[in-house]
Structure formats: structure tokens, C-alpha cells
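A.B. asks: sequence and computational prediction follow.
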Amino acid sequence: MNAKIVFLDVDGTLVDYHNQLPESAVEAIHKAQENGHQVYTVTGRAKAEMYDSLLAIGFDGYIGGNGSYIESQGQVVKEKTLTGEDTKQIVDWLKGRGLEFYLESNNGLFGSDNFNQRGQKTIQEYVAYKGKPDAQQATPATVFPNMIYGGTLYREDVNKISFILDSYEDFLAAQKMFPSLKVGTWGGVGEKALFGDIALKNIDKAVAIDELLNFLAKDVSNSLAFGDAKVDIPMLHHCQIGVAMGNGGNEIKKIADYITASVEDDGLYKAFEHFQLI
């Protein structure tokens, strides 16, 4: 069997929405690597959110910020960030509109003053829409355990800014305010708009995978992508095989080549077995 390169989304694919990592997923990754395959994470998370429990798995590399950062075997392949001017304008606009937010940087997650308090309700909605029965136990601290409050918000190292939507109109207003940037929404199953985010244009998971494959001199015909949400659809389309998690949304299941079990039901391990990676 040819050596494959495997791309894994993190939230809802590698871990559940309480940051719980199944032992079977770790076992599957290690067995696949022992068989000569490479495994990379492809996530919206900044590197600061790749906590020790994840890094200890020993991935071959990492794509973060939905494609704004690429690292392979400890070498930085690509890093693109918002300009300091962009960040200042976004922060000032969000504050002026009364919206709570956090900055996503490889050096940390930096929350606005009231994000922890205002975020409680939205975080619980987010976890509930992802299908978790114990959503009421979720807090900003459990979802973002290393969030920094009181830090500098005018920064040069920000790859993405996420903000709580008080209404869908907030998203539309952000699109109008920042036409040169990419303004999106994210939420739960069905992609209910609970959060907005602002990042550079022309960056997504598929583009980053292509850049990494070119760097590695690997062919896309030997690639597999795993995801659970609408933001993962471009990379499932791009890779030779696209796998949707059983806990994923209907949008991604419709376009997937294969649907595996949920995160909690050893979905990664079962799919790795199905495709004879292990």
C-alpha cells in the first residue's frame, strides 16, 4: 500500500466539544504512522489552542487558523496574519458595537474584557448544537482553558478574530464593514450562526493542504481528509478520500466519500481500519 497523508480536523473529529480525546484515536494515529503514513491536523485553532495533550500525540505537522499557518516536522512552511492596522480596526469596531470577542494567535488566545461572562450562554448553545447532552456544564473556561484576559488587543500576530453574534445582523454588518477580509460564521450542527469570525481572504483548509503537499512533494491522490463541519468541506472535496464523522452536520455527510462513527464511538479508529491505514 502506498504511504498516505492523512488530514484531521480537530474539534468534532479528533476531540469532542468538551476537548475529550478518545484513546482509540491516539492509538489509530500511532499505528498509522508506524505503517509509514503521515498525519497532520487541519484546524481553525491557533497553535496556542493545540494543548499539550494534543501535541503529545506526535503529529507530523499542523495546519492552523483554517489555513493561515502551516508547520511540518517543526518547520514553519507558511504564516500569514492580519496586519496590526486590520486588527486595531476590527477590535475598535467590535467594541463600538458592544460585541465580545477573542483574538486567535499562535502566541495565545486573547479575550475581550467580558467574553468570559457573555460567552457562557453562547458556548452552551454551541455545545448543545454539536449534539452533546451535557451542554450546561460547558463554560468558556472548559472550551478555551488558556484564554488570556487583560492582554494587549492591538497586536501584529493575529490570524483570526472570532466574536459572539448578538444577532445575525452583526454578521451582515461585519461583512459590510470589512469587505477586503473574509467574514464567516460558525456554530453547531446545521451551522447555526452563533459566532462570527474575520480573517484574511483566499485562505481555507484546501488551499493550505495544497500548499503543504507541494512543499512535501506529495500527490493529492494519496491523501485522506476527515472532518465534521461545513468549514471542512473544501478539504474533503480536495483530497482523494473525504471522510465525515458520524457526529457531523448533514452538509458534510452529503459530500463525503465515507461516513464513519462519531468521535465518542471510536470513529477515527474505525475509519483508519476501513481504509487499511492500520
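C.D. replies: Structure received.

A.B. asks: all strands for this structure, in order.
C.D. replies: Using DSSP state E, the strands of the chain run over residues 5-8, 38-42, 61-64, 69-72, 75-79, 101-105, 108-111, 148-149, 158-164, 182-186, 195-199, 223-227, 241-244, 258-259.

A.B. asks: average pLDDT across the third one?
C.D. replies: This means strand 61-64. On average, the pLDDT along strand 61-64 is 95.

A.B. asks: which outside residues touch it?
C.D. replies: Residues outside strand 61-64 that contact it (Cβ atoms under 8 Å, 6 or more residues apart in numbering): 7, 38, 40-47, 50, 69-73, 77, 106, 159, 205, 208-209, 212. In this view, the C-beta of every residue, glycine as well, is placed from N, C-alpha and C.

A.B. asks: what stretches of this structure score poorly on pLDDT?
C.D. replies: The chain contains residues with pLDDT under 70 at 1, 129-133, 135, 187-192.

A.B. asks: and the closest residue to Asp134 other than its chain neighbours, what does it touch?
C.D. replies: Spatial nearest neighbour of Asp134, chain neighbours left out: His18 (7.6 Å); criterion: Cβ to Cβ, 6 or more residues apart in numbering. Contact partners of His18, counting by Cβ under 8 Å, 6+ apart, are Val127, Lys132, Asp134, Gln137, Ala138, Thr142, Val143.

A.B. asks: format those as JSON lines; extra columns: neighbour count and distance to Lys253.
C.D. replies: Formatted as JSON lines, those follow (neighbours: other Cβ atoms under 10 Å; distance: Cβ to Cβ, whole Å):
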{"residue": "Val127", "neighbour count": "23", "distance to Lys253": "20"}
{"residue": "Lys132", "neighbour count": "20", "distance to Lys253": "18"}
{"residue": "Asp134", "neighbour count": "10", "distance to Lys253": "24"}
{"residue": "Gln137", "neighbour count": "11", "distance to Lys253": "27"}
{"residue": "Ala138", "neighbour count": "20", "distance to Lys253": "24"}
{"residue": "Thr142", "neighbour count": "13", "distance to Lys253": "27"}
{"residue": "Val143", "neighbour count": "18", "distance to Lys253": "24"}
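
A.B. asks: tell me the one of those residues nearest Asp60?
C.D. replies: Nearest to Asp60 out of those is Val143 (Cβ to Cβ; 26.5 Å).

A.B. asks: number of nearby residues for the nearest residue to the closest one once chain neighbours are set aside?
C.D. replies: Of all residues beyond its chain neighbours, the one nearest Val143 is Ile123 (5.4 Å), with distances taken as Cβ to Cβ, 6+ apart. Residues near Ile123, counting by other Cβ atoms under 10 Å, number 24.

A.B. asks: over to Gly84?
C.D. replies: Neighbour count of Gly84, defined by other Cβ under 10 Å: 13.

A.B. asks: how about it, nearest residue that isn't a chain neighbour?
C.D. replies: In space, Gly84 is closest to Glu156, 4.5 Å off (Cβ to Cβ, 6+ apart).

A.B. asks: that neighbour contacts Thr83, correct?
C.D. replies: Yes: contact criterion Cβ atoms under 8 Å: Glu156 and Thr83 qualify, at 7.5 Å.

A.B. asks: now the common contact residues for these two.
C.D. replies: Residues touching both Glu156 and Thr83 by Cβ under 8 Å, 6+ apart: none at all.

A.B. asks: contacting residues for the closest residue to Gly242 other than its chain neighbours?
C.D. replies: Spatial nearest neighbour of Gly242, excluding adjacent residues (Cβ to Cβ, 6+ apart): Leu236 at 2.9 Å. The contact partners of Leu236, by Cβ under 8 Å, 6+ apart, come to Ala225, Gly227, Gly242, Val243, Ala244, Ile252, Ile255, Ala256, Asp257.
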